[in-house]
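Trainee: My questions concern the predicted model and sequence given below.
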Amino acid sequence: MSRSVRCVPAVAALLLLAVTGTACDGGTQGTAGGSGVHDPYFPQAGNGGYDVGHYALTLDYTPDTRHLTGTAVITARATQDLSAFDLDLAGLHVDSVTVEGRGARWSRGGQELTVRPHDGLSEGETFRTTVRYSGTPRTLTDPDGSEEGWLPTADGALGLGEPVGSMAWFPGNHHPADKASYDITVTVPKGLQAVSNGELTDRSTKGGRTAYHWHTAQPMAGYLATVAIGHYDITRATGPHGLPVVTAVDPAQAGASAKVLAKIPDIIAWEEYNFGPYPFSSTGAIVDRPDDAGYALETQTRPVFPGAPDTSTLVHELAHQWYGDSVTPASWRDMWLNEGFATYAQWLYDEDHGGPSTRKTFTRLYDGDHEEIWAFPPAKPSSAAHISDSPVYQRGAMVLEKIRRTTGDDTFYDIIQGWAAAHRHGTASTAQFTAYVEKKAPDKDFGEIWKDWLYGDGKPRHP
C-alpha cells in the first residue's frame, strides 16, 4: 500500500521534515502510484504509476570500509496523474530526493521509498528523480536461502539482483516488467577494477581513485544489472559480426577459466544459428572466486560465474541473453520461460556436439528416479522459494521437447527464433507463449502438453 504524506501545520512540520525533507505545497493533484505490482511471488516488487526509461547510477565504493555513496538519476514517464510514487530500496540512508530539480518529500517503510513531488505529475509526463544515498549495502537472503544484493568479496564486492537484490544498492522500479537503459559509473580505490553491464565508455583516475563508466543501451530489467569490484584480468576479443567480447576474471581463476571462456565466440555463433541474432551490443563473462557467490547468474551481456564455469553452464547463461534478458518474464511465475529455454539450450548443444540427443535426455529424466522434477508444474511454482527448482528447469525443458516432437524441427525452430524476435527487448508471459505456439502451428493439438506438462500436477502418464 502506498504511503502518501499529508501536509501538516507549521508546528508539526519541523519534526516531519527531519524524516521526509522539504514541505509540500498543498496543490499536488492526482493519486499515489501503487507500491508493488502484485507479482504472484514478490507482491511488493516494482511500483505502479510510472515506467522507467533510464537509470544513471553514480557509485563510489571503498571495500575496506564497505561504504557506498550513490546518486541515482531516474528518468521515467508517468502512466497516470501522480501525487506520489514509490521506489524500491532496501537499507541504505537516503540523503536527499529531488524531482525535476525541486526538493521532494519522502518517507521510508520496509523496502519502499515513497516520494511526493513538489508538484503533481501528469499522465504521459516525463520526469527525472534524483536520489542521493549512502551507507553499507545489505546482503539479502532469498526465500530459497541463497544470497543476493550486495555481496562483499575478498577484494571488493559483487552486486547480484535475482530476483529483487538490486534494491540493496540502488533505488528503482525493481520488477522484470519495467526495463530501462543504464549508465553505471563506479569509483573505486586505484588498482581495483569495476566491471558492469554493456560497454566501458570511459575510465579516469584522480586523487587515488579510478572511475569506470559502463553504458547499456538496450533495455535491461533491474535484476540483471551487476557491478563487480575487485582485481580482475580483463580480456577483450571479437565474436561473430565483430561483437565485442569482454571477460573479467579473478586472477586466481584465470588458468582454470581460459580454455572455456575462449569458446564464447563459437558458442554465441552456435546460439545465433539456433535462436536468431544476438540481441545485445557486447557479450562476455565475469568470473569471481567460488566463495564469492553460490550460483551463476545471467546478468545482461556479461554473466557472472562463481569460479571457472564448465561449457554446459556457459552455454546456459549465454542462452539467457535471448531467453530471460532480451525476452524477460512478465512476472516471476513465468520463470520457466527463462530456465526451461536455457536448459533446453544445453540439451541442444550436447546433441550437436557429440552428446546424447534431446530425446534421449528427455527419456532419461522421464524414466529415471527424479521425483523432484514432478513436484509442481513449471508454469506454477509452488512458492517464491521454488522458482529456481528442478520443475522450472528440467521439466520446463521437457515442455519444449514435447513441442518439438509435435511440430517437427522446421516449425519448432521457427517458434523459438520467432519468439525471441517478436518480444526482443520486451517482456512476455506464459499465456503469450502458448498462444504464439498455437498460432505458429494451427494444425497441431497442444492441449495435452499445456494441461499435463506445463500446468498439470504430478508426473504425466505418457512421455
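Mentor: Received, thanks. Numbering: from 1, shown residues only.
Trainee: give the contact list for Thr79.
Mentor: Contact analysis of Thr79 by Cβ atoms under 8 Å, 6 or more residues apart in numbering lists 48-51, 123. All C-beta atoms are positioned from the backbone trio N, CA, C, and that covers glycine.
Trainee: Save the residues you listed as a markdown table, and put in pLDDT too.
Mentor: Below are the contacts of Thr79 laid out as a markdown table (pLDDT from 0 to 100):
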| residue | pLDDT |
| --- | --- |
| Gly48 | 96 |
| Gly49 | 97 |
| Tyr50 | 98 |
| Asp51 | 98 |
| Glu123 | 97 |
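Trainee: Which ones among those lie within strands?
Mentor: 50-51 (DSSP state E).
Trainee: Counting neighbours, which of the contacts of Thr79 end up buried?
Mentor: The neighbour-count criterion (16 or more other Cβ atoms under 10 Å) marks 48-50 among those as buried.
Trainee: on that earlier part again, closest to Thr129 out of the contacts of Thr79?
Mentor: Nearest to Thr129, judged by Cβ to Cβ, of these is Tyr50 at 9.2 Å.
Trainee: Please name the bridge partners of the closest one.
Mentor: For Tyr50, the beta-bridge partners under DSSP bridges are Ala78.
Trainee: my guess is it meets Asp86, correct?
Mentor: No: with contact defined as Cβ atoms under 8 Å, Tyr50 does not count as touching Asp86 (9.4 Å).
Trainee: joint contacts of those two?
Mentor: With Cβ under 8 Å, 6+ apart, Tyr50 and Asp86 have common neighbours Gly33.
Trainee: Now do the helix ranked longest in the chain: which elements does it pack against?
Mentor: With secondary structure taken from DSSP state H, the chain has its longest helix at helix 336-352. Here helix 336-352 touches helix 264-275, helix 311-319, strand 327-329, helix 358-367, helix 396-407, helix 430-440, going by 3 or more Cβ pairs under 8 Å, 6 or more residues apart in numbering; DSSP states H and E.
Trainee: at 7 Å instead, please
Mentor: helix 264-275, helix 311-319, helix 358-367, helix 396-407 (3 or more Cβ pairs under 7 Å, 6 or more residues apart in numbering; DSSP states H and E).
Trainee: what's the first one in contact with?
Mentor: What that stands for is helix 264-275. 237, 239-240, 243, 245, 278, 283-285, 314-315, 318-319, 322, 345, 348-349, 416-417, 420 (Cβ atoms under 7 Å, 6 or more residues apart in numbering).
Trainee: again with the last one
Mentor: Surrounding helix 396-407, the residues in contact under the criterion Cβ under 7 Å, 6+ apart are 336, 339-341, 343-344, 347, 358, 362, 365, 378, 412, 415, 437, 441, 444, 446, 449, 453-454.
Trainee: 8 Å instead, please
Mentor: By Cβ under 8 Å, 6+ apart, helix 396-407 touches 336-337, 339-341, 343-344, 347, 358-359, 361-362, 365-366, 373, 378, 412, 415-416, 437, 440-441, 444-446, 449, 453-454.
Trainee: I'd like the mean pLDDT over the helix or strand following that helix, please.
Mentor: Counting by DSSP states H and E, the element after helix 396-407 in chain order, helix or strand, is helix 409-422. Taken as a whole, helix 409-422 has a mean pLDDT of 98.
Trainee: Out of the contacts of helix 396-407, which end up buried?
Mentor: 336-337, 339-341, 343-344, 347, 358, 361-362, 365-366, 373, 378, 412, 415-416, 437, 440-441, 446, 449, 453-454.
Trainee: picking up where we left off before, of the buried ones among the contacts of Thr79, which is the nearest to Asp39?
Mentor: Among the buried ones among the contacts of Thr79, and counting by Cβ to Cβ, the member closest to Asp39 is Gly48, at 11.8 Å.
Trainee: So the closest one sits against Gly33, correct?
Mentor: Yes: under the criterion of Cβ under 8 Å, Gly48 makes contact with Gly33 at 4.5 Å.
Trainee: Residues that sit against both of those two, list them.
Mentor: Gln80.
Trainee: picking up where we left off before, so which of the contacts of Thr79 comes closest to Leu224?
Mentor: Closest approach to Leu224 among those (Cβ to Cβ): Asp51, at 17.1 Å.
Trainee: Quick check, Glu298 in contact with Tyr323.
Mentor: No: if you go by Cβ under 8 Å, Glu298 and Tyr323 don't touch, sitting 9.1 Å apart.
Trainee: Burial check on the spatially closest residue to Met335 that is not a sequence neighbour, number of neighbours?
Mentor: What sits nearest to Met335 in space, not counting adjacent residues and going by Cβ to Cβ, 6 or more residues apart in numbering, is Ile387, at 4.6 Å. Counted with other Cβ atoms under 10 Å, the neighbours of Ile387 add up to 26.
Trainee: picking up where we left off before, between the helices and strands packed on helix 336-352, which gets nearest to Leu224?
Mentor: It is, among those and with distance given as Cβ to Cβ, helix 311-319, at 11.4 Å.
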